[in-house]
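Student: Have a look; sequence and predicted model below, questions after that.
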Amino acid sequence: MASLRLNLKSLGGPYCHHDASLPMQCPPKRGRIRCGATTPTRSYSITLLPGDGIGPEVISVAKGVLRLAGSLEGIEFGFQEMPMGGAALDLTGVPLPDETLSAARQSDAVLLGAIGGYKWDKNEKHLKPETGLLQLREGLKVFANLRPATVLPQLVDASTLKKEVAEGVDLMVVRELTGGIYFGKPRGFSSNENGEEIGFNTEIYATSEIDRIARVAFETARKRHGKLCSVDKANVLEASMLWRRRVTAIALEYPDVELTHMYVDNAAMQLVRNPKQFDTIVTNNIFGDILSDEASMITGSIGMLPSASLGEKGPGLFEPIHGSAPDIAGQDKANPLAAVLSAAMLLKYGLGEKNAAERIEAAVLNTLNRGFRTGDIYSDGNTLVGCKRIGEEVLKSVESEVLATI
């Protein structure tokens, strides 16, 4: 089975690495133009979880790109689409049906669209779409979430930061995904001595949980620019004090990586003040959830950024970091490029198919170079298109295998 095996030696950013690990900025490696599919020599099973809102739209585009890129590299995919999130709630009454989790576990990789929506916001916690996502991560035993945030030259003007601040930003957030306050116990509701209702959660980490995510982060930093910033709140929280001690201890195994520590409140400020100071960031579940979303907006649009969630064995989970955007669902306004790039990460990390991944990355870059933009990244002088059309343009670039340079 070609399921993911977390090989720390191969970890880095989700893209080619050279002087700057920018998505789709690898120098041309192949000069051929090949438009015909090759005879499949490898086959993989992919579980697709379109989910809610714009999820089905972006997954449809990503599926088409995956299929074409695979066929040109001798890869055949078997796709199985399963319900999850709000769609699963409406269909089965639960956000993650047993059949969906079973299919995901038995596949070689999982590609998720988006989950959630206003319709289910008032549901009880165990019946919220987001609960299904937490259950999926736990069920797949994925603990390391890698989120790149790279400002492409073509999109630097889309950033809300000044050009001189945003230009050249290329960072990776490595987030611990299955521990901390999102999963810690005890948790729940009760009453205090005054009879007031209280809600409580527990931020808790074991040494083994910290050590394994730290090693992923150090290996990632080693393959990038050799700088790792560990973010915590060790001046207040005991869990963070342990976090800092363990990350510092693991650093002895990586003398070639420069380790620094930063409190989370300062890190949030520095990300918008001087984001280029960061290369690789490692942090806990809740801090990573917040900081990775903040970092994503430096790039100009959350609709451009993919993510990978990896475990020690079994299939990885790959998904765009944007939400379900119910306000624009079904209107052909969604940006599918984050889902397409998540498919590239699936190929690279989940299946070890680097050539097919680079073909997709190059195709996205070429599509942007040709001036096609969805509404979230549109600027004057470019061509405004919808979700389907930009997907078609990516397919053209995949097939022609135009390896563009910047």
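Tutor: Sure thing, it's come through. Numbers count the residues shown, from 1 in each chain.
Student: I'd assumed W120 was in contact with G53.
Tutor: No: applying CB atoms under 8 Å as the test, G53 and W120 come out as separate, 11.0 Å apart. No exception for glycine: its C-beta is placed from N, CA and C like everyone else's.
Student: more neighbours, those two?
Tutor: It is G53, of G53 and W120, that has more neighbours when counted by other CB atoms under 10 Å, with 29 against 19.
Student: In what element of secondary structure is that one found?
Tutor: Assessed by DSSP states H and E, G53 sits outside every helix and strand.
Student: ok, and the closest non-adjacent residue to it?
Tutor: S324 (2.8 Å; CB to CB, 6 or more residues apart in numbering).
Student: Shouldn't that neighbour be within a strand?
Tutor: No: if the criterion is DSSP: H, G, I helix; E, B strand; the rest coil, then S324 is coil and not within a strand.
Student: and it, how many residues sit next to it?
Tutor: Other residues close to S324 by other CB under 10 Å number 24.
Student: for it, what are its contacts?
Tutor: 51-55, 85-86, 113-117 (CB atoms under 8 Å, 6 or more residues apart in numbering).
Student: Show me those residues that map onto strands.
Tutor: Secondary structure from DSSP state E places 51, 113-114 of the contacts of S324 in strands.
Student: Show me which positions of stretch 55-73 end up buried.
Tutor: 55-73 (16 or more other CB atoms under 10 Å).
Student: Let me see the ranges of the helices in this protein.
Tutor: Ranges of helices within the chain are 55-72, 86-92, 98-106, 129-140, 163-166, 207-223, 238-250, 264-273, 285-298, 337-345, 354-369, 387-400, based on DSSP state H.
Student: which one of the contacts of S324 sits closest to D157?
Tutor: Comparing these against D157 with CB to CB places I54 closest, at 24.1 Å.
Student: If you drop the residues flanking it in sequence, what lies closest to that closest one?
Tutor: I54 sits nearest to A334 (CB to CB, 6+ apart), 3.8 Å away.
Student: thinking that neighbour is in contact with P320, fair?
Tutor: No: here A334 lies out of contact with P320, judged by CB under 8 Å, at a distance of 9.7 Å.
Student: Settle it for me: which of the two has more neighbours?
Tutor: A334 (33 against 30).
Student: contacting residues for the more buried one?
Tutor: Here A334 is in contact with 54, 57-58, 303, 325, 328, 374, 387 (CB under 8 Å, 6+ apart).
Student: Counting neighbours, which of the residues you listed end up buried?
Tutor: Counted by 16+ other CB under 10 Å, the contacts of A334 give 54, 57-58, 303, 325, 328, 374, 387 as buried.
Student: Make JSON lines out of these and add pLDDT and distance to P129.
Tutor: Output for the buried ones among the contacts of A334, formatted as JSON lines (pLDDT from 0 to 100; distance: CB to CB, whole Å):
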{"residue": "I54", "pLDDT": "98", "distance to P129": "14"}
{"residue": "E57", "pLDDT": "98", "distance to P129": "17"}
{"residue": "V58", "pLDDT": "98", "distance to P129": "16"}
{"residue": "G303", "pLDDT": "84", "distance to P129": "20"}
{"residue": "A325", "pLDDT": "95", "distance to P129": "14"}
{"residue": "I328", "pLDDT": "97", "distance to P129": "18"}
{"residue": "T374", "pLDDT": "95", "distance to P129": "24"}
{"residue": "C387", "pLDDT": "98", "distance to P129": "21"}
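Student: JSON lines for the residues you listed, including distance to G314?
Tutor: Formatted as JSON lines, these follow (distance: CB to CB, whole Å):
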{"residue": "I54", "distance to G314": "28"}
{"residue": "E57", "distance to G314": "28"}
{"residue": "V58", "distance to G314": "24"}
{"residue": "G303", "distance to G314": "29"}
{"residue": "A325", "distance to G314": "30"}
{"residue": "I328", "distance to G314": "34"}
{"residue": "T374", "distance to G314": "34"}
{"residue": "C387", "distance to G314": "31"}
